[in-house]
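**Q** structure for the following, please:
(one chain, ligands or ions: 1)
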Amino acid sequence: MNNKERKEILFKIYSENFKFIKENSSLKDKFDKDFGCFCPICLDYFEKADLFDKINPLTIEHNPPQSLGGKSSVLTCKKCNSEAGHKIDDEILTALKEIDTLNFKPNSEIKTQFFNDSTEGKGVNAKIKIQDDGQFIINIDTKNNNPKIHKKFFDSEVREYKSPLFSNDIREIGWKKKLTFNFKKPNKTNERLASISLLKIAHLMAFEKLGHLYLFNKNNQIIRDQIRSPEKEIITNPFWIKYNFPDNIVGVNIITKPRKLRSILVVFDLKTKSDSYRFSICLPGLSVGDENIYQNINDLLCQGNGFENAEVNNYINSEYNIKDVEKTFDLVRFWESFVEKQ
Ligand SMILES: [Zn+2]
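**A** Numbering: from 1, shown residues only. So this is what the prediction gives:
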């Protein structure tokens, strides 16, 4: 399937979802727009004619990013895809790659600087690569370094001789070269931006799963504002839960209990070349008061409470399908009949 066909299929699914909501709600009178769908980040409305618009068309956004093993996709407008997108998507990739290397995981690599007495406070640029079999490859390029410092660094190696009289290990015997140095912990990641990219992944996953009913929930205006202005501190409390949820919870679920934690829980895995990382992000629920979720998470953390007792319901994850338009209102029905009564 090519990109154009994929775009048209996604457009059809989401515009049918909106059409069904419009025809079965008070939006019918308020909304006289034609068949179309909304960009889940800026909430601009796109008709079919805008799908291939020259200035700001709808674009296919891979979510989670393909570079982190994402296979799904949603439509966002070109502006949001490039503006909000690239600013923060790269940050989470950089952050996870750094964790890989600092934990010496196979297939990871990192650029850093080596220091010892010979480098006179200036570092030697180096690349550390950890191979599949766990072997370290260190590359110190002459081209990327001041030739003087580079030479001094290698001249600082110490030669020492180990006599067979004092060693039982045959590999230890003879002349050895020894180069001692420290290296800086890489610190390229902007953790704030990396965390906003997690929020964006969760938001787009919730939209992909639940469609426009999720998007029209006014409690999550704050989410879109934060994604659109990642450098601003709009959500100041933690929006993630550090708890290792099992595989059957990967996807879009609802925390029903305790009341303070009631929210839409999005759990997903991001995969680097070396490892897989599981994240759990809370998005506000549909009821009045649910917009306080991040303050509540913060309060619970401050009180030293974990999330072991949180009850997670995976009805939506296993039963709800955006393509089944007749089920469009199931989220609201389920919320009113089950979640609010908990
Ligand atoms: Zn947009």
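**Q** quick check: residues of this protein near the ion?
**A** 39, 41-42, 77, 80 (Cβ under 5 Å from the ion). Glycine gets a C-beta too; all of them are placed from N, C-alpha and C.
**Q** need the max-distance pair from these.
**A** Spanning the widest gap among the residues of the chain next to the ion are Ile41 and Cys77, at 7.5 Å by Cβ to Cβ.
**Q** now His212. Nearest residue, chain neighbours left out?
**A** Once flanking residues are discounted, His212 sits nearest to Phe18: 4.9 Å by Cβ to Cβ, 6 or more residues apart in numbering.
**Q** quick check, that neighbour in contact with Gly36.
**A** Yes. At 6.9 Å, Phe18 and Gly36 qualify as touching, with contact defined as Cβ atoms under 8 Å.
**Q** neighbour count winner among those two?
**A** A direct count of neighbours by other Cβ atoms under 10 Å for Phe18 and Gly36 places Phe18 higher, at 23 against 18.
**Q** mind listing what the more buried one touches?
**A** Phe18 sits next to 36-38, 211-212 when contact means Cβ atoms under 8 Å, 6 or more residues apart in numbering.
**Q** in helices, which of those fall?
**A** The helices, defined by DSSP state H, take in His212 from the contacts of Phe18.
**Q** and which of the contacts of Phe18 is nearest the ion?
**A** Ranked by distance to the ion (Cβ to the ion), these are led by Phe38 at 8.5 Å.
**Q** tell me how far the nearest residue to Pro40 once chain neighbours are set aside lies from the ion.
**A** Once flanking residues are discounted, Pro40 sits nearest to Phe207: 4.1 Å by Cβ to Cβ, 6+ apart. According to Cβ to the ion, to the nearest Å, Phe207 stands 12 Å off from the ion.
**Q** and Asn292, by the same measure?
**A** 27 Å.
**Q** from Asp299, how far out is that residue?
**A** 9 Å (Cβ to Cβ, to the nearest Å).
**Q** the more surrounded of the two?
**A** Set Asn292 next to Asp299 and count neighbours by other Cβ under 10 Å: Asn292 wins out with 16 against 13.
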